[in-house]
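Engineer: just to be clear, the model below is a prediction. Sequence and coordinates:
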Amino acid sequence: MIKHIFFDLDRTLWDFTSNSRATLAELYDYYDLRSLVPTKLTFISHYEYHNEWCWEQYRKNNMRKDFLRHQRFFLTLRDFGLLHRTLAKKLGEAYVDRSPKQTKLVEGSLETLEQLHPHFPLSIITNGFEEIQSIKLKASGIDQYFTHIITSERAGCRKPHAGIFKLAMKLSKCNPHECLMVGDAPDIDIAGALQMHWQTVWFNPNKETAELAPKAFQVQTLKELPELILQISQS
């Protein structure tokens, strides 16, 4: 029987891609980057490439959080011949300030939370930075649905490490078979939960494939979740 449902935040409930791109477009205009970078789309494309690389280094403990925040912009500017650490730091600070205040949610998020909240305790498990995730939840109007916000910084480890899931069980006072994880990353959210013998639902809007797919339930839209979770909890 499911007693607690845990959600990933970015790209599962909070539309990270849309919100990030909206912020980057604002920064492109605010800092008048058109003289350096031909178009907003070019700026965003180069940033996303370097951001992904920087996050991979962070996950491997090869890069500090404070350095990541401006290094991704430094590398982006470098692509266009500008070695400007001061501007990169300004962009990094502005991005961290503005991005979490964006409010676009993944389609179906609010309706799904409203349906589930009266029947299950809900919590967040995220690898995002502690101070940033709370801002996202409040700004987008969904903070009231969650009992616990469990971040990798709070746990001292990142998904898929077992430690963050153990902390979730400790806080929720639930056994493994009573926990359900919903997330978009099969190698992070789902793999981590499966190793702890949790129930899992892979939010897979793009119908991707993964080796663990037979072990996890799947939905392509969040609106499918309430009925599926009811079936799981009764099985």
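Structural biologist: Great, that's in hand. Numbers count the residues shown, from 1 in each chain.
Engineer: just the strands from the chain, written as ranges.
Structural biologist: Here the chain has its strands, by DSSP state E, at 4-7, 122-126, 146-151, 179-183, 199-203, 217-219.
Engineer: got a pLDDT number for the closest residue to Ile135 other than its chain neighbours?
Structural biologist: Once flanking residues are discounted, Ile135 sits nearest to Pro100: 3.8 Å by Cβ to Cβ, 6 or more residues apart in numbering. C-betas here are computed from N, CA, C, even on glycine. At Pro100, the pLDDT value in this model is 97.
Engineer: hmm, Pro100 is touching Lys136, no?
Structural biologist: Yes - at 4.6 Å, Pro100 counts as touching Lys136 under the criterion of Cβ atoms under 8 Å.
Engineer: now the helices for this structure?
Structural biologist: Applying DSSP state H to the chain gives helices spanning 16-30, 40-59, 65-78, 85-98, 109-116, 130-139, 152-155, 162-172, 191-195, 225-234.
Engineer: what's the most buried one of those helices?
Structural biologist: Of all those, helix 191-195 has the most neighbours on average by mean count of other Cβ atoms under 10 Å, namely a mean of 20.
Engineer: that one packs against which elements?
Structural biologist: Packing partners of helix 191-195 (3 or more Cβ pairs under 8 Å, 6 or more residues apart in numbering; DSSP states H and E): helix 162-172, strand 179-183, strand 199-203.
Engineer: adding mean pLDDT and distance to Leu24, write these out as CSV.
Structural biologist: Below are the helices and strands packed on helix 191-195 laid out as CSV (pLDDT from 0 to 100; distance: least, Cβ to Cβ, whole Å):
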stretch, mean pLDDT, distance to Leu24
helix 162-172, 98, 29
strand 179-183, 98, 24
strand 199-203, 97, 24
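Engineer: adding distance to Pro118, write those out as TSV.
Structural biologist: Output for these, formatted as TSV (distance: least, Cβ to Cβ, whole Å):
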stretch	distance to Pro118
helix 162-172	17
strand 179-183	16
strand 199-203	19
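Engineer: pLDDT weak spots in this protein?
Structural biologist: 213 (pLDDT under 70).
Engineer: centroid-wise, who is the farthest residue in it?
Structural biologist: Largest separation from the mean C-alpha position in the chain: Ser35, at 32.4 Å (Cα atoms, centre = their mean).
Engineer: quick one on the thing from earlier: how many residues are close by the residue nearest to Ile135?
Structural biologist: Neighbour count of Pro100, defined by other Cβ atoms under 10 Å: 23.
Engineer: state the distance from the closest residue to Gly92 other than its chain neighbours to Glu153.
Structural biologist: Once flanking residues are discounted, Gly92 sits nearest to His70: 3.5 Å by Cβ to Cβ, 6+ apart. Distance from His70 to Glu153, counting by Cβ to Cβ, to the nearest Å: 19 Å.
Engineer: kindly report the same for Ser109.
Structural biologist: Taking Cβ to Cβ, one finds Ser109 at 23 Å from Glu153.
Engineer: likewise for Ser233?
Structural biologist: Taking Cβ to Cβ, one finds Ser233 at 31 Å from Glu153.
Engineer: again with Asp66
Structural biologist: Relative to Glu153, and taking Cβ to Cβ, Asp66 is found at 12 Å.
Engineer: then Lys104?
Structural biologist: Lys104 is 24 Å from Glu153, by Cβ to Cβ.
Engineer: ok, Phe67 next?
Structural biologist: 15 Å.
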